[in-house]
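Asks: My questions concern the predicted model and sequence given below.
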Amino acid sequence: MRRFFVGFGITVGVIALIVGGLTLAVAHFKGKTAQLPEDIVLTVDLTGGLADSAEPDAMSRLLFGQKTTLRDFVDALERAGDDPRVNALFIQLGDDSLALAKTQQVRDAIAAFRAKGKFAIAFADTFGEGAPGTRPYYLATACDEIWLQPLGEVGITGLRSEQTFLKGLLDKLGIAASFQHREEFKTAMNLLTEVQMTAAQREETEALLTSMQDQINRGIAAARKLQASDVAALVDRAPLSADAAKAAGLIDRIAYRDEALWRAQLRAGAGVKTMALSRYLTAAGRPHKSGARIALIYGTGLIARTGSEASVLTQSSQFTARAIERAFNAAVRDKDVKAIVFRIDSPGGSATASETIWREVVRARLSGKPIIVSMGDLAASGGYYVAAPADKIVAEPATLTGSIGVLGGKIIVAGLLEKLGITTDSVQTGANSDMFSLTRDFSPQGHQRLADEIDNTYRGFKDHVAAGRHLSADAVEAAAKGRVWTGEDALRLGLVDALGGYDTALALARQAANLTADAPIDVVVYPRERGLAALLFGRLTDRDDDDTGTPAATLQKSLAALRVLAAAIDTVSGDPGILRMVPIGDIR
């Protein structure tokens, strides 16, 4: 046993030395980037998309890199807009990698940058090659000029949502899906219980697509000085060749990337240097780093009671009640925090966890801290549940909002087991102790208990929305029934207060904190990030926020950290076979 602990200590010590060395190297590199050229064209490649929030800890970022986040992009352009050294922005586009709400916030950031006397050029080798190109082209229209490679196309073919249904397969396998939902628009489990869209599902999907397409057409028309009806006609003709797109006024130049970049440099002036947007942000620093403190708390991914905030291997994230509790508690305890911006990008999840987080938002407000919710691509179901008690809610026009409803149930694999020759037997005490068994359907009594539980949760959900949004029961019922709305429609229904992104949320936070519109603010992410050394030290002592305080728990957490590291190294060096969560019925 002693050898084990000695070996374990040496292993951790080596890792700590490596990490410490890398930390010093990174710090040294950052220091070298502090000197900025006098004339700059910022460059950014958005073909890979933008993450909504950063990796939750420094270790993950160091080992696996950090993808540019939406906040990085917005902050860099805000800083650059006021920086006389920055003349222009050059964006590479093409792939359909950003959801519509995030696309709208990026467009708004570019518009604000241009409004300060700067210019922006967008280049794409193609807007869709055997794939949708509507959203990346819509983003490009925020720029002064759009350049397209000669054999590229403008695939503004419109939006489409294709739903996949597995009931036929489950029937063949002998698997049954037993679910209840409140109400008819709560359709998440239709993929297991139906063979095609229900009338309610079709109505909801058509309304979402119509609203989104109308937003896109209006945005393109305004930017390209066309009529919305003309844009709609071009959508029906697409995909368009480069020549056809130029003739229609959709693009400005047909050329290659080097020519487009040369044009940006020429227009920016003699002696101009190009610089990656992420490198510029590191050197110039973020805006909003002094003044009254505004806390920024992220709630990204599926809502869960406990668990890891992010999976390194699956690239999925969780929005855990425990983590949000820590973040809100820290922000509330900090006397310098004048308001809290709660950034939500979540499809929902556990009702219990949602209730826990809802309570933290309520407690923060009761403590005197105003809460402003900023919604990302979606704040649906539990994602909207936790937003409801905020002072103000901000959404992008295309943010998927609401889904005020509940579903519950289980899949039953008894038929599959029978086909495989597997039998089960059981003994039980309580009448409903088999409710959660996957080998038996609900009894009549079990069905009733499930219905009671769902009804109770649905009623509580609507009550929370009515109280938080100051709406009548009838108004909430009209917006509920499990239906998802765009942010634009949600504003009309009273589910949100304003349309916009981070800048709108920060403006409302200033207002709620009784600050002037131009008052300097210090935006700080909570919980406060710990450095790599503190992260490792927390694993080896009982000073971690999550620790139970027992040596066994500390050792278990240390071993878990090493297992993640070992698995990640194995993933990088071999065939990863990583499973990714792919949304069914994604709107494209």
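Replies: That came through fine. Numbering: from 1, shown residues only.
Asks: would you list every one of the strands in the stretch 1-150 of the chain?
Replies: 40-45, 86-93, 119-124, 145-148 (DSSP state E, counting those that start in this stretch).
Asks: Just put these in CSV and tack on distance to residue 515, mean pLDDT and mean neighbour count.
Replies: Any C-beta I mention is one placed from the backbone N, CA and C, and that applies to glycine too. Converted to CSV, the strands of the stretch 1-150 of the chain look like this (distance: least, Cβ to Cβ, whole Å; pLDDT from 0 to 100; neighbours: other Cβ atoms under 10 Å):
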stretch, distance to residue 515, mean pLDDT, mean neighbour count
strand 40-45, 30, 96, 21
strand 86-93, 27, 97, 24
strand 119-124, 30, 98, 24
strand 145-148, 38, 98, 26
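Asks: Can you check which of these gets nearest to residue 110?
Replies: Ranking those by proximity to residue 110 (Cβ to Cβ) places strand 119-124 first, at 5.4 Å.
Asks: helices or strands next to that closest one in the packing?
Replies: Under the contact criterion of 3 or more Cβ pairs under 8 Å, 6 or more residues apart in numbering; DSSP states H and E, strand 119-124 touches strand 86-93, helix 100-114, helix 134-140, strand 145-148, helix 257-268.
Asks: Could you export that strand as PDB, CA atoms only?
Replies: The C-alpha coordinates for strand 119-124 follow below in PDB (Å, rounded to 0.1, in the frame of the first residue of the first chain):
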ATOM      1  CA  PHE A 119     -15.200  47.800 -42.500                       C
ATOM      2  CA  ALA A 120     -15.700  44.000 -42.900                       C
ATOM      3  CA  ILE A 121     -15.100  41.600 -45.800                       C
ATOM      4  CA  ALA A 122     -16.600  38.100 -45.900                       C
ATOM      5  CA  PHE A 123     -15.100  35.300 -48.000                       C
ATOM      6  CA  ALA A 124     -16.400  31.900 -48.800                       C
END
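Asks: Adjacent strands (with direction) for it?
Replies: strand 86-93 (parallel), strand 145-148 (parallel) (DSSP bridges).
Asks: Quick check: phi and psi at residue 443.
Replies: Backbone dihedrals for residue 443, given as degrees, to the nearest 10, come out at phi -70, psi 170.
Asks: list the contacts for it?
Replies: 431-432, 434 (Cβ atoms under 8 Å, 6 or more residues apart in numbering).
Asks: so where do the helices sit in the stretch 451-588 of the chain?
Replies: Taking DSSP state H, counting those that start in this stretch to define them, one finds helices in the stretch 451-588 of the chain at 473-479, 487-493, 502-512, 532-540, 551-573.
Asks: With the stretch 301-450 of the chain instead?
Replies: Taking DSSP H, counting those that start in this stretch as the criterion, the stretch 301-450 of the chain contains helices spanning 321-333, 351-366, 382-385, 414-419, 444-469.
Asks: Check which residues of the fourth one are buried.
Replies: Spelled out, it's helix 414-419. Buried residues in helix 414-419, counted by 16 or more other Cβ atoms under 10 Å: 414-417.
Asks: any idea which of the helices of the stretch 301-450 of the chain is most buried?
Replies: helix 382-385 (a mean of 30; mean count of other Cβ atoms under 10 Å).
Asks: Contacts for it, please.
Replies: Residues contacting helix 382-385 (Cβ under 8 Å, 6+ apart): 299, 303, 319, 344-351, 353-355, 358, 375, 401-404, 461, 464-465, 495.
Asks: show me the contacts for the spatially closest residue to residue 78 that is not a sequence neighbour.
Replies: Leaving aside its sequence neighbours, residue 78 sits nearest to residue 287 (Cβ to Cβ, 6 or more residues apart in numbering; 4.9 Å). By Cβ under 8 Å, 6+ apart, the contact set of residue 287 is 75, 78-79, 82.
Asks: and the helices of the stretch 451-588 of the chain, which one is worst for confidence?
Replies: With a mean of 43, helix 551-573 has the lowest mean pLDDT of those.
Asks: and residue 298, how many neighbours?
Replies: Using other Cβ atoms under 10 Å, residue 298 has 26 other residues around it.
Asks: Checking it next. Helix, strand or coil?
Replies: Of the three states, residue 298 takes strand under DSSP: H, G, I helix; E, B strand; the rest coil.
Asks: what's the closest non-adjacent residue to it?
Replies: That would be residue 53: by Cβ to Cβ, 6+ apart, it lies 4.2 Å from residue 298.
Asks: What count of nearby residues applies to that neighbour?
Replies: 21.
Asks: cool, residue 257 as well?
Replies: With other Cβ under 10 Å as criterion, residue 257 counts 14.
Asks: Do I have it right that it meets residue 125?
Replies: Yes. With contact defined as Cβ atoms under 8 Å, residue 257 and residue 125 form a contacting pair (7.2 Å).
Asks: Now for the two: what residues contact both?
Replies: Common contacts of residue 257 and residue 125, defined by Cβ under 8 Å, 6+ apart, comprise residue 149.
Asks: thinking again about what came up before, will you turn the helices and strands packed on strand 119-124 into CSV that also has distance to residue 488?
Replies: What follows is the helices and strands packed on strand 119-124, written out as CSV (distance: least, Cβ to Cβ, whole Å):
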stretch, distance to residue 488
strand 86-93, 24
helix 100-114, 10
helix 134-140, 15
strand 145-148, 25
helix 257-268, 33
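Asks: Quick one: closest of the ones you listed to residue 49.
Replies: helix 100-114 (8.0 Å).
Asks: so for that closest one, what's the average pLDDT?
Replies: 97.
Asks: just to revisit the earlier point, local confidence estimate at the residue nearest to residue 298?
Replies: Taking residue 53 on its own, its pLDDT is 74.
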